[in-house]
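> got a predicted structure plus its sequence, pasted below:
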Amino acid sequence: MKVRRHRRNVGFQWCYFSFVALLSLAGFQSACRQRRRPLYAVIPKAQAHIYWQAIHAGALKAALEANVDIIWNGPATESDYAGQIAITEDFISRHVDGIEIAPTDRDALVNAIRRARDAQIPLTVIDSGANTEDYVSFVATDNYGGGVIAARRLAEILKGHGNVAVIALLPGSGSTTAREEGFKNTIAKEFPKVKIVAFQYGMSDRSRSLAITEDILTAYPTLDGIFASAEPGSIGAAQALKERGLVGKVKLVGFDTSASLVEDLRGGVIDSLVVQDPFRIGYLGLKTLIDARAGHTPPKHIDLPPTLVTLENLSQPSIRVLVSPDVEGYLH
Ligand code: BDR
């Protein structure tokens, strides 16, 4: 009898002390969370493009100003949806204080975005939309409007008639799909004598974009113009025109900027570039999370205007800042 009572007491004491230990561990963890500097995850679609480096630099600027830390990680390519989902899930399990993400695909990232919400981790979507409203804010360029600008520019330089091709980025990419829609709809509505004879995806890869542009130029020897809806496609299409000796003969309107795109703009390979402000997108994206943590309510949607850059306005200070964002200053 005595032995049984003794064992019951030991068992009770064991449960009691385990409970106390668990409580103090939870308290320690939450104290750690409160004591360390807030840590935000910034997840691009990929890392190589100049565009994502400018996003990174903008987020770093916002982090420095707010005295918080960011951790930067993204897939190697913009088509690696599974890789981006895994990176997002990892940050959720590490319970970061917020997530800024550019979804590689409008649908594939929805569940991960919802899991961040369920884990009560504030999340802001940047650059490309996702088919959910479960975010603090959506900060992006007016991409559809960017496609409209490109269509009007290309039709203008073709004097309202000709055959054109679209070098698209990736199926499912929210930002570029909006541009491509804006371009197609504007050509159809406003320029009946401009015909889109080819529309192909360069899969966010420069060499693929070069190859498909060459195929299109072979299939349509009388092609008059090209619209490339993002950085890799613009670089690949410009390369194809140079290699085929078609500079000035086939008009190219590109999207985004990089040193080589600006050089090709100066050299007449590219007529114009529709340019975004990725530095500001990265900056504002993180700022919405910092503001939310401070109890403010950031706008649900922040639209930044695209800018048409041509030889004529390239030297203006406001344009120079856009085509050469201060990346080195932050990513040294
Ligand atoms: C391109 O992908 C898009 O999501 C960005 O806006 C940029 O135009 C970079 O590859």
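Thanks, I have the structure now. It should be emphasised that the depicted structure is a prediction, and the values quoted were computed from it without experimental measurement.
> in this structure residue 126 contacts residue 281, no?
Yes. Here residue 126 reaches residue 281: they are 5.3 Å apart, a contact under C-beta atoms under 8 Å. Using the backbone N, CA and C atoms, a C-beta is placed for each residue, glycine as well.
> residue 49 contacts residue 234, correct?
No. Using C-beta under 8 Å, residue 49 is not in contact with residue 234; the gap is 10.9 Å.
> overlap in contacts, residue 126 and residue 281.
55, 139-140 (C-beta atoms under 8 Å, 6 or more residues apart in numbering).
> what's the closest of the residues you listed to the ligand?
Nearest to the ligand, judged by C-beta to the nearest ligand atom, of the shared contacts of residue 126 and residue 281 is residue 140 at 7.7 Å.
> for residue 167, grab phi and psi.
Torsion angles at residue 167 (phi, psi; degrees, to the nearest 10) stand at phi -100, psi 100.
> count the residues that sit near it.
30 (other C-beta atoms under 10 Å).
> around the ligand, pick out the residues from the chain.
With the criterion set to C-beta under 6 Å from any ligand atom, the chain comes near the ligand through 45, 49, 51, 78, 127-128, 169, 173, 175-176, 204, 230-232, 255-256.
> narrow those residues to those in helices?
Among those, the ones falling in helices (DSSP state H) are 51, 175-176, 231-232.
> just put these in a markdown table and tack on pLDDT and distance to residue 316.
A markdown table is the format used below for those (pLDDT from 0 to 100; distance: C-beta to C-beta, whole Å):
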| residue | pLDDT | distance to residue 316 |
| --- | --- | --- |
| 51 | 95 | 21 |
| 175 | 97 | 25 |
| 176 | 98 | 26 |
| 231 | 96 | 21 |
| 232 | 96 | 26 |
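> which of the residues you listed has the most neighbours?
residue 232 leads these on contacts (other C-beta under 10 Å) with 29 neighbours.
> got a list of what it touches?
49, 169, 202, 204-206, 209.
> try 7 Å
Residues in contact with residue 232 (C-beta atoms under 7 Å, 6 or more residues apart in numbering) are 49, 202, 204-206, 209.
> by neighbour count, which of those wins?
Compared across the contacts of residue 232, residue 209 has the highest neighbour count, 29 neighbours, by other C-beta under 10 Å.
> which residue packs closest to that one, ignoring adjacent ones?
Of all residues not flanking residue 209 in the chain, residue 236 sits nearest, at 2.6 Å (C-beta to C-beta, 6 or more residues apart in numbering).
> give me the buried positions along the helix or strand harbouring the one you found.
Using DSSP states H and E, residue 236 maps to helix 231-243. Neighbour counts over helix 231-243 (16 or more other C-beta atoms under 10 Å) mark 231-241 as buried.
> can you pull out the helices in the chain?
2-35, 50-66, 81-93, 110-118, 143-157, 174-190, 206-219, 231-243, 259-266, 278-293, 317-323.
> got a list of contacts for the second one?
What it means is helix 50-66. 42, 44-46, 69-70, 72, 74, 100, 231, 256, 258, 278-283, 285-287, 290, 325-327, 330-331.
> CA atoms only: put it into CSV for me.
Taking C-alpha atoms only, helix 50-66 is exported to CSV below (Å, rounded to 0.1, in the frame of the first residue of the first chain):
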residue,chain,number,x,y,z
ILE,A,50,19.2,42.7,-61.5
TYR,A,51,15.6,43.3,-60.7
TRP,A,52,15.7,41.0,-57.6
GLN,A,53,19.0,42.6,-56.4
ALA,A,54,17.2,46.0,-56.5
ILE,A,55,14.3,44.5,-54.4
HIS,A,56,16.9,43.2,-51.9
ALA,A,57,18.6,46.6,-51.7
GLY,A,58,15.3,48.4,-51.0
ALA,A,59,14.4,45.9,-48.3
LEU,A,60,17.8,46.4,-46.7
LYS,A,61,17.3,50.1,-46.7
ALA,A,62,14.0,49.8,-44.9
ALA,A,63,15.5,47.3,-42.4
LEU,A,64,18.4,49.7,-41.6
GLU,A,65,16.1,52.6,-41.1
ALA,A,66,13.9,50.6,-38.7
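> which of the buried residues of helix 231-243 lies closest to the ligand?
Distance to the ligand across these (C-beta to the nearest ligand atom) is lowest for residue 231, with 4.7 Å.
> might you report the residue contacts of the closest one?
49-51, 256, 258.
> again, only using 6 Å
Residue 231 makes contacts with 49, 51, 256, as judged by C-beta atoms under 6 Å, 6 or more residues apart in numbering.
> using JSON lines, lay out the ones in helices among the residues of the chain next to the ligand together with distance to residue 132.
Shown next, in JSON lines, are these (distance: C-beta to C-beta, whole Å):
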{"residue": "51", "distance to residue 132": "23"}
{"residue": "175", "distance to residue 132": "16"}
{"residue": "176", "distance to residue 132": "19"}
{"residue": "231", "distance to residue 132": "26"}
{"residue": "232", "distance to residue 132": "27"}
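> how about the closest residue in space to residue 224 that isn't next to it in sequence, what does it touch?
Spatially, and ignoring its direct neighbours in sequence, residue 224 is nearest to residue 162 (3.2 Å; C-beta to C-beta, 6+ apart). Contacts for residue 162 (C-beta under 6 Å, 6+ apart) come out as 194, 224-225.
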